[in-house]
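[1] Fold the following for me, if possible:
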Amino acid sequence: MDIVNFVATLGIALGLAGGLAGSSIGTARAASAGLTVLAEEPGYFKQVLILSALPMTQTFYGLIFTLLGLTSVLPSVSELTALKGWAFLGIGIAVFCAEFASAWMQGVVCMSGIIEVPKTKGGIWVHTMILASYVELFGILGLVFGYLLLTMVAGLPV
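    Modelled structure (predicted):
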């Protein structure tokens, strides 16, 4: 594998890495708060479980970006020039940042909601899911914009 192909592949793989890293942090933060809540109020397990799992979705967005990039975009590039390879790396870094930040910050939102679940007798649960979905949108946009940029750099029809 030549260096240009390696750089392009690395860039595409960064989407998945960002989702994994951010989801790990976001889920850990929310689940840690959940353990504190469950120690006092075990009846809120369902709410804690769902809110703790929400930051995992960015891993799927990163995986989709990486799979599409490696299976449909990269093989379709007629000539992988150095400029295209480095552009793929730059796009991958941007997707990494989007997935990482989205998952981490979604974990913070979910953590805050989990802490408030017992105080509101579960009333804040749906509100937390709605507010966490706002942060989720940035992960979705990272996937969509990243894929669109990959196809544009590759010279494929969008």
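[2] so where's the longest helix in this protein?
    Longest among the helix segments of the chain by residue count, using DSSP state H, is helix 3-40.
[3] May I see the buried residues of that one?
    For helix 3-40, the buried set under the neighbour-count rule, 16 or more other C-beta atoms under 10 Å, comprises 4, 7-9, 11-27, 29-31, 33-34, 37-38. Glycine gets a C-beta too; all of them are placed from N, C-alpha and C.
[4] which SS class is Arg87?
    Just to correct that, residue 87 is Ala rather than Arg. Secondary structure assignment for Ala87 (DSSP: H, G, I helix; E, B strand; the rest coil): helix.
[5] The residue nearest to it when sequence neighbours are not counted: which element?
    Distance criterion C-beta to C-beta, 6 or more residues apart in numbering; nearest residue to Ala87, sequence neighbours excluded, is Val153 at 4.6 Å. In this assignment (DSSP states H and E), Val153 forms part of helix 125-154.
[6] what inclination does that helix have with respect to helix 3-40?
    Between the axis of helix 125-154 and that of helix 3-40 there is an angle of 180 degrees, by axes from the mean of the first three to the mean of the last three C-alpha atoms, to 10 degrees.
[7] So for helix 125-154, what gets flagged as buried?
    If you call a residue buried by 16+ other C-beta under 10 Å, then helix 125-154 has these buried ones: 125, 128-129, 131-132, 135-136, 138-140, 142-143, 146-147, 149-151, 153-154.
[8] Stretch 95-111 now?
    Within stretch 95-111, the residues scored as buried using 16+ other C-beta under 10 Å are 95-96, 98-111.
[9] Which of those residues fall within helices?
    Of the buried residues of stretch 95-111, the ones assigned to helices by DSSP H are 95-96, 98-111.
[10] Report the contact partners of Phe145.
    Under the criterion of C-beta atoms under 8 Å, 6 or more residues apart in numbering, the neighbours of Phe145 are Ala94, Ala98.
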